[in-house]
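1. requesting a structural model of the entry that follows:
(one chain, ligands or ions: 1)
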Amino acid sequence: MRATSRMIAAIGVVSLAACAGNGGAGAGPTAGGGYPEQNITIVVPFSAGGPTDTVTRMIAEPMAAKLGTKIVVQNVEGAGGTVGAGEVARAQPDGYNVLMHHIGMSTAPALYQNLGYKPLESFETVGLVTEVPMTIVARKDFEPKTLQDLVTYVKANASKVTLANAGIGAASHLCGLLFQTAAGVKVQEVPYEGTGPALTDLVGGQVDFMCDQTTNTSGQISAGEVKAYAVTTPERVKSLPDLPTTAEAGLPKLQVSVWHGLYVPKGTPQDVVQKLSDALKTALADQKVVDQMAKLGTAPVPAESATPQAHRTKLEEQLGTWAKVIADAGVKAS
Ligand code: ASP
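-> Okay, here's the model as predicted:
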């Protein structure tokens, strides 16, 4: 494996990557009836250009229009999404500091000993956003042709095969773990600050394979820039109709999709949480957002799931599910 600057030891880096408006959010007063009175920042805990970032940018503009303010998208990468999540947990609970996070919110407590935040105690849930299928993809000249070939190949070549992910607890890491468990093999994992840069290296041939969301891989799969083996959901994805499901391809236990939600720090006023949730619902009903998501193999959640309560219920359930999976797998972040 040739190392690239996109591969990391898991370290947090802050970069202002995108702005759906005209400036950054400052420390604000307690929000009240006039909210919002300044720009809102949505922190993405992974690199710009990756799947979490892509979904956030899709909804930022219609949310900003509904709220009558600007939304800044800020990438705070590192440690499988825990650096950015920690930053928002410690931010002012005034409605101007928002986090977009995914399934990793429910896996981190079982993986990290000193997380610095507790999902249910440090945040208010705002609403679910989307649930995205994952795909298993490889560099285009990787020898295995099918998912079964991939299993056989990695078993025979475990010490030299490389598997990219976005750090411990990231969706790509979890899906990679499920693959290795299903295949009964352990390969060399290569962490990145997000799967945007990981995919760049996969296309460039610097790593062998990875598991990532259709919101990141669809373009490269359709363009033939990567080899795709399967989608990790029970049904095929409409936008990638030729791609078999993992069940069809022989690994029925490898099932995972990546749910996303918006959070604000605990103590954010309830009327503010409600305004954000209402803006999220508006964004998810926007035809442009629906179309963009469909092209990338996903869809907005139904309106009743874009609520604080539905999101909290999902988070509670997922924390339990993943604590068990992770304990059974015996995985810990170092
Ligand atoms: N969603 C990716 C993962 O968890 C990270 C990213 O958004 O870049 O693997």
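
2. who in the stretch 201-334 of the chain is up against the ligand?
-> residue 213 (Cβ under 6 Å from any ligand atom). Just so you know, the C-beta spots here come from the backbone N, C-alpha and C atoms, and that holds for glycine as well.

3. so which residues of the stretch 201-334 of the chain form helices?
-> 214-222, 270-285, 287-295, 308-329 (DSSP state H, counting those that start in this stretch).

4. so residue 323 sits right up against residue 108, yeah?
-> No. If you go by Cβ atoms under 8 Å, residue 323 and residue 108 don't touch, sitting 10.7 Å apart.

5. between those two, which has more neighbouring residues?
-> Neighbours were counted for residue 323 and for residue 108 using other Cβ atoms under 10 Å; residue 108 has more, 27 against 15.

6. what about the more buried one, helix or strand, and which?
-> helix 104-111 (DSSP states H and E).

7. and for residue 98?
-> If you go by DSSP H and E, residue 98 is part of strand 97-102.

8. helices and strands around that strand, which ones?
-> With contacts defined as 3 or more Cβ pairs under 8 Å, 6 or more residues apart in numbering; DSSP states H and E, strand 97-102 has these neighbours: strand 40-44, helix 51-67, helix 82-89, strand 123-139, strand 257-265.

9. would JSON lines of the helices of the stretch 201-334 of the chain with mean pLDDT be doable?
-> Below are these laid out as JSON lines (pLDDT from 0 to 100):
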{"stretch": "helix 214-222", "mean pLDDT": "96"}
{"stretch": "helix 270-285", "mean pLDDT": "97"}
{"stretch": "helix 287-295", "mean pLDDT": "97"}
{"stretch": "helix 308-329", "mean pLDDT": "92"}
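
10. now those as CSV including distance to residue 65?
-> Output for the helices of the stretch 201-334 of the chain, formatted as CSV (distance: least, Cβ to Cβ, whole Å):
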stretch, distance to residue 65
helix 214-222, 22
helix 270-285, 8
helix 287-295, 11
helix 308-329, 21
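
11. show me where the stretch 101-250 of the chain has strands.
-> For the stretch 101-250 of the chain, the strands defined by DSSP state E, counting those that start in this stretch occupy 123-139, 162-165, 188-191, 209-213, 226-231.

12. ok, residues contacting the fourth one?
-> By that I understand strand 209-213. With contact meaning Cβ atoms under 8 Å, 6 or more residues apart in numbering, strand 209-213 is reached by 51, 132-139, 142, 150, 161-165, 171-172, 175-176, 178-179, 195, 198-199, 202, 232, 258, 298.

13. please apply the same query to stretch 231-246.
-> Contacts of stretch 231-246 from elsewhere in the structure, counted by Cβ under 8 Å, 6+ apart, are 133-136, 147, 175, 211, 214, 218, 221-222, 228, 230, 247, 252, 254-257, 294-297.

14. tell me how many other residues crowd residue 272.
-> 22.

15. could I get the helices and strands packed on strand 97-102 in CSV, plus columns for distance to residue 239, mean pLDDT and mean neighbour count?
-> Shown next, in CSV, are the helices and strands packed on strand 97-102 (distance: least, Cβ to Cβ, whole Å; pLDDT from 0 to 100; neighbours: other Cβ atoms under 10 Å):
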stretch, distance to residue 239, mean pLDDT, mean neighbour count
strand 40-44, 23, 97, 25
helix 51-67, 14, 97, 23
helix 82-89, 28, 97, 24
strand 123-139, 10, 98, 26
strand 257-265, 15, 97, 25
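
16. want to try JSON lines for those, with distance to residue 331 as columns?
-> Conversion of these to JSON lines gives the following (distance: least, Cβ to Cβ, whole Å):
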{"stretch": "strand 40-44", "distance to residue 331": "24"}
{"stretch": "helix 51-67", "distance to residue 331": "21"}
{"stretch": "helix 82-89", "distance to residue 331": "15"}
{"stretch": "strand 123-139", "distance to residue 331": "18"}
{"stretch": "strand 257-265", "distance to residue 331": "18"}
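
17. closest one to residue 304 among these?
-> Evaluated with Cβ to Cβ, those place strand 123-139 nearest to residue 304, the distance being 9.6 Å.

18. ok, residue 40 to residue 101 distance?
-> Going from residue 40 to residue 101 by Cβ to Cβ, to the nearest Å gives 16 Å.

19. who does residue 162 bridge with?
-> Residue 162 has these beta-bridge partners by DSSP bridges: residue 188.

20. that one reaches residue 202, doesn't it?
-> No. Using Cβ under 8 Å as the test, residue 162 is too far from residue 202 to be in contact (9.8 Å).

21. more neighbours, these two?
-> residue 202 (27 against 18).

22. ok, that one touching residue 221?
-> No. Between residue 202 and residue 221 there is no contact under Cβ under 8 Å: 11.2 Å.

23. who touches both of the two?
-> residue 137.

24. ok, back up a step: any chance of TSV for the strands of the stretch 101-250 of the chain, columns distance to residue 283?
-> Formatted as TSV, these follow (distance: least, Cβ to Cβ, whole Å):
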stretch	distance to residue 283
strand 123-139	9
strand 162-165	29
strand 188-191	31
strand 209-213	19
strand 226-231	25
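
25. how about the ones you listed, which one is nearest residue 290?
-> Per Cβ to Cβ, nearest to residue 290 of those: strand 123-139, 10.4 Å.
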